[in-house]
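S.K.: coords please:
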Amino acid sequence: MNFVNRLYNSFVLNSKSNAFCIDDTFYTYEELLNYIVRIRKIINRNIESNERIIGLVTNNDIETYAAIFSLWIEGKAYIPINPFTPKARNIDILKSTDVVSVLDSSKTPIRLASFNIIKTLSSYSSHDDAPFDAVPYRGNNIAYVLFTSGSTGAPKGVPICFKNLDTLIAELDIDEAYKLKPSDRCLQMYELTFDASLTALLPSLLVGACSYTVPSNAIKYFYIIKLLHRYELTVMKMVPSIINYLRPYFSEIKAPSVRYSIFGGEKLYEDVVQEWIKCVPNSKVLNHYGPTEFTVCSGYYAYKFNKKNRSHNGVLSIGKPFKNVDYIIVDEENRELKDNQEGELCLSGNQLTQGYWNNNKLNEQAFFLHKTASGITKKFYKTGDICFRDKDGYYLYVGRKDFQLKIGGYRVELGEIEYHIKSHSSAKFKNLVVMGVKSQNNTIELVLVIESSQFDIDDLFSFLKENLVDYMIPRRTVFIDSFPYTKNGKLDRKEIRKMIR
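M.R.: Predicted coordinates for the structure are as follows:
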């Protein structure tokens, strides 16, 4: 059974249970179904049957979530549009995919000239007279298109089809490390423009659990603490950067209710996990890994309590791939490397996107055919992540390909420098990054950026001189009161670069 039908069956089976808690208001699965029925009627009245991709303004309300499922039931895809993103960028995204119609639950609908803006905010009616009647399921139909930042400045469109999502859910189903129950209370902290929102939502909804959302305008880590204490959350999926903001409050957080702490989207440092598990003593900790192009998640590492864990430069392993996913490490000529050799991690499997939206040049760069050890030729995606596989088959994260620098002819891993800085007592609990910046004489200069008020760094640099070669020591230090983050909660390195020039 495909996941759209499975979702509907769960909604019916768990009709009297809570599906969402949004701004401290609970909505049952029956109420969610009522909204879905009404929005399907709106779609059928206002959107042509041949319109396959629909814009969706991503508000934190029940109408927006119901609209996603309504579009899927109709066999249509959504493009999430953040109302706080610059208008010009949203228009460019919608035009690039030939979108005509945009669903919007805002009290004052978004203004996007030349698009058919369809309001979904109104009272709902009972679904009793409107049984589930999905458009015939077609696995190759697109389910959503997400736009990620591109190196040229133009966003990259990543279409994910229904069979990609089906495969992801099947992989999560067969894995024993992550099994939710109808009684679970699950955090949903992500913007809907971030694909991690789907692995926060879908496992919860498929078993009849309740999802607790975080408003877009909230201070996320404060709101998460509130939800955790007020509702005794049992499942928390977060970006690692959130944990750094929770860190000063660890002594106040006692959450024995938490069964799963799941991280993903950024590198996860082992030391912060060691502190976090004291707050959630009954929780499993999973480090999910996977790019947008591979439908959210391709594998994970399960943290081992009171045992030695696998890490590199203080960064926890990304583990092993799902059962039906292939990982390989390749050099710059796409030749497969042996264990313990660093190279670019590449992925293959049925979760892989068919390619970037209308971007043949980028597709040629990012995808390639490779004959695997079994003799089968498969399509692989180049993640841009530098990793290596150890002798036991675990994958260790080294850094981004574009974070590797050549200084004086030597290859420098920024993650290694950050690891040594974080290990010093003066910087141990600070958020920091090391960046390569062009100097006035056109050479690369290493800059240490610390999220903090200014403090004495003499001891820190004496320590670095004892542990790093000269060309790996930052030549400049910049203190910033507050680091900028993207809407997805990831560190915004582009904005930091602008701040330190």
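
S.K.: contacts and neighbour counts: CA atoms only from here.
M.R.: Fine.

S.K.: now the stretch 301-450 of the chain, which segments are flagged as low pLDDT?
M.R.: Within the stretch 301-450 of the chain, the stretches with pLDDT under 70 are 404, 406, 408-411, 440-442.

S.K.: And the longest strand along the chain, what's buried?
M.R.: Counting by DSSP state E, the longest strand found in the chain is strand 377-389. Of all the residues in strand 377-389, those buried under the rule 16 or more other Cα atoms under 10 Å are K379, F380, Y381, K382, T383, G384, D385, I386, C387, F388, R389.

S.K.: swap in stretch 482-497?
M.R.: Per 16+ other Cα under 10 Å, stretch 482-497 contains these buried residues: F483, P484, K487, N488, G489, L491, I496.

S.K.: Make JSON lines from those and add distance to S17, secondary structure and pLDDT to it.
M.R.: Below are the buried residues of stretch 482-497 laid out as JSON lines (distance: Cα to Cα, whole Å; DSSP: H, G, I helix; E, B strand; the rest coil; pLDDT from 0 to 100):
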{"residue": "F483", "distance to S17": "40", "secondary structure": "coil", "pLDDT": "92"}
{"residue": "P484", "distance to S17": "38", "secondary structure": "coil", "pLDDT": "90"}
{"residue": "K487", "distance to S17": "31", "secondary structure": "coil", "pLDDT": "72"}
{"residue": "N488", "distance to S17": "29", "secondary structure": "coil", "pLDDT": "72"}
{"residue": "G489", "distance to S17": "30", "secondary structure": "coil", "pLDDT": "76"}
{"residue": "L491", "distance to S17": "36", "secondary structure": "strand", "pLDDT": "85"}
{"residue": "I496", "distance to S17": "44", "secondary structure": "helix", "pLDDT": "92"}
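
S.K.: Just the closest of the residues you listed to E445, please.
M.R.: I496 (15.2 Å; Cα to Cα).

S.K.: From V449, how far out is the closest one?
M.R.: Distance of I496 to V449, computed by Cα to Cα, to the nearest Å: 8 Å.

S.K.: Dead centre of the protein: give me the residue that sits there.
M.R.: A196 (3.7 Å; Cα atoms, centre = their mean).

S.K.: what's it in contact with, if anything?
M.R.: By Cα atoms under 8 Å, 6 or more residues apart in numbering, the residues touching A196 are Y190, G264, G265, V296.

S.K.: of those residues, the lowest pLDDT goes to which?
M.R.: For the contacts of A196, the weakest pLDDT value sits at G265, with 87.

S.K.: now that one, nearest residue through space, not along the chain?
M.R.: Sequence neighbours aside, V239 is the residue nearest to G265 in space, at 5.8 Å (criterion: Cα to Cα, 6 or more residues apart in numbering).

S.K.: what kind of secondary structure is the residue nearest to V145 when sequence neighbours are not counted in?
M.R.: In space, and not counting its chain neighbours, V145 is closest to P159: 4.2 Å by Cα to Cα, 6+ apart. Three-state call for P159 (DSSP: H, G, I helix; E, B strand; the rest coil): strand.

S.K.: separation between P159 and N244?
M.R.: On the measure of Cα to Cα, P159 and N244 end up 32 Å apart.

S.K.: what's around K323, how many residues?
M.R.: 12 (other Cα atoms under 10 Å).

S.K.: So it is in contact with E171, correct?
M.R.: Yes. Using Cα atoms under 8 Å, K323 is in contact with E171, at 7.2 Å.

S.K.: residue ranges of the strands in the stretch 251-400 of the chain, please?
M.R.: All strands of the stretch 251-400 of the chain, identified by DSSP state E, counting those that start in this stretch, fall at 260-263, 284-289, 299-302, 311-312, 315-316, 320-321, 326-330, 343-348, 367-371, 377-389, 395-400.

S.K.: what does the fifth one rub up against?
M.R.: In other words, strand 315-316. K267, L268, Y269, E270, N287, N309, R310, L396, Y397.

S.K.: Quick check on those residues: which are buried?
M.R.: K267, L268, Y269, E270, N287, R310, L396, Y397.

S.K.: Greatest separation within the residues you listed: which pair is it?
M.R.: Taking every pair in the buried ones among the contacts of strand 315-316 and measuring Cα to Cα, the maximum separation is 13.4 Å, between K267 and R310.

S.K.: What is the neighbour count of the residue nearest to L227 when sequence neighbours are not counted?
M.R.: Spatial nearest neighbour of L227, excluding adjacent residues (Cα to Cα, 6+ apart): L233 at 7.0 Å. If you count neighbours by other Cα under 10 Å, L233 ends up with 24.

S.K.: got a pLDDT number for L233?
M.R.: 98.

S.K.: May I have the residues that are in contact with it?
M.R.: D184, R185, C186, L187, L227, S257, V258.

S.K.: residues in contact with the helix or strand containing the third one?
M.R.: In this assignment (DSSP states H and E), C186 forms part of strand 185-188. By Cα under 8 Å, 6+ apart, the residues outside strand 185-188 that reach it are 197, 200-201, 204, 209-214, 224, 231-237.

S.K.: Just the residues you listed: which are in helices?
M.R.: Mapping the contacts of strand 185-188 onto helices (DSSP state H) picks out S197, A200, L201, S204, I224, Y231.

S.K.: Return a PyMOL selection command for the buried portion of the residues you listed.
M.R.: Typed into PyMOL, the line below selects the buried ones among these, using 16+ other Cα under 10 Å:
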select buried, resi 197+200+201+204+224
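
S.K.: ok, back up a step: for the residue nearest to G265, the count of nearby residues, please.
M.R.: 22.

S.K.: now do K237
M.R.: 24.

S.K.: D470 now?
M.R.: By the criterion of other Cα under 10 Å, D470 has 11 neighbours.

S.K.: where's it relative to L446, distance?
M.R.: The value you get for D470 to L446, if Cα to Cα is used, is 11 Å.

S.K.: Kindly report the same for E252.
M.R.: From E252 to L446 the distance is 37 Å (Cα to Cα).

S.K.: between those two, who's got more neighbours?
M.R.: L446 (23 against 11).

S.K.: Quickly find the element holding that one.
M.R.: strand 444-451.

S.K.: Need the single longest helix in the chain, by residues.
M.R.: Criterion DSSP H: the longest helix present in the chain is helix 29-46.

S.K.: Show me how far the following helix or strand past it is from its chain's centre.
M.R.: Once the chain leaves helix 29-46, the next helix or strand it forms, by DSSP H and E, is strand 53-57. Offset of strand 53-57 from its chain centre (Cα atoms, centre = their mean, to the nearest Å): 20 Å.

S.K.: who does strand 53-57 pair up with?
M.R.: strand 77-81 (parallel), strand 101-104 (parallel) (DSSP bridges).

S.K.: so who does D271 touch?
M.R.: D271 touches G314, counting by Cα under 8 Å, 6+ apart.

S.K.: Closest to N18 out of the ones in helices among the contacts of strand 185-188?
M.R.: Distances from N18 to the ones in helices among the contacts of strand 185-188, taken by Cα to Cα, are shortest for S204, at 11.0 Å.

S.K.: these two touch, right, that closest one and S183?
M.R.: No. Assessed by Cα under 8 Å, S204 is found out of contact with S183, at 9.7 Å.

S.K.: okay, and the common contacts of those two?
M.R.: Joint contacts of S204 and S183 (Cα under 8 Å, 6+ apart) are C210.

S.K.: I'd like the distance between D392 and N340.
M.R.: Distance, D392 to N340, using Cα to Cα: 10 Å.
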